[in-house]
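Participant: How does the following fold in three dimensions:
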Amino acid sequence: MDPMDIVGKSKEDASLPKATMTKIIKEMLPPDVRVARDAQDLLIECCVEFINLVSSESNDVCNKEDKRTIAPEHVLKALQVLGFGEYIEEVYAAYEQHKYETMQDTQRSVKWNSGAQMTEEEAAAEQQRMFAEARARMNGGVAVPQPEHPETNQRSPQS
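Facilitator: All right, here's what the predicted structure looks like:
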């Protein structure tokens with residue numbers, strides 16, 4: 001990664017990828033709002049400082065409980081201690097969503113990696129489902145029905 005892609009004074013400083021942060025900033029604003037480069041850099045530095053602050057306080061909470069690993073509940077407690085209690089419910093909901101999506105990805109990965117355990121019919125059905133998802137993405141979310149093969153009574157894998 002190019003050093004200019006990261007906001008920070010040196011490689012030892014904690015930093016965030018500038019392109020990713022710029023994308024997040026732009027996604028949060030109306031399309032007609034522009035953000036000066038200096039303002040983007042300032043927002044990114046604020047994010048880094050916020051992460052440092054919450055991480056440090058989470059570590060303190062963790063140490064007070066004689067734990068060696070910072071857990072999600074330590075982060076939530078740190079937010080409360082730092083005066084961000086009004087955001088805890090939203091942060092917890094985001095955490096739960098992340099856990100759910102991670103679990104879904106893991107289940108898909110396990111199913112994919114254990115493909116040899118699927119029957120041929122299950123593998124064909126999964127392949128057709130994946131083709132349909134890809135077609136829908138390619139067509140802007142509009143599902144396009146595929147003709148059925150009379151001899152197999154299955155839809156064509158071709159789009």
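Participant: hey, let's count contacts and neighbours off CA atoms from now on
Facilitator: Fine.
Participant: Just give me the longest helix of the chain.
Facilitator: helix 37-64 (DSSP state H).
Participant: okay, now Glu122: neighbour count?
Facilitator: Look at Glu122: counted by other C-alpha atoms under 10 Å, it has 12 neighbours.
Participant: before we move on, which element is the most centrally placed residue in the chain in?
Facilitator: Taking C-alpha atoms, centre = their mean, the centroid of the chain lies closest to His98, which sits 7.0 Å from it. Using DSSP states H and E, His98 falls within helix 88-113.
Participant: Where does pLDDT dip in this protein?
Facilitator: 1-14, 109-116, 141-159 (pLDDT under 70).
Participant: Tell me who's in contact with Ala71.
Facilitator: By C-alpha atoms under 8 Å, 6 or more residues apart in numbering, the contact list for Ala71 reads Cys62.
Participant: returning to that earlier point: chain center to the longest helix of the chain, what's the gap?
Facilitator: Relative to its chain's centre, helix 37-64 lies at 19 Å (C-alpha atoms, centre = their mean, to the nearest Å).
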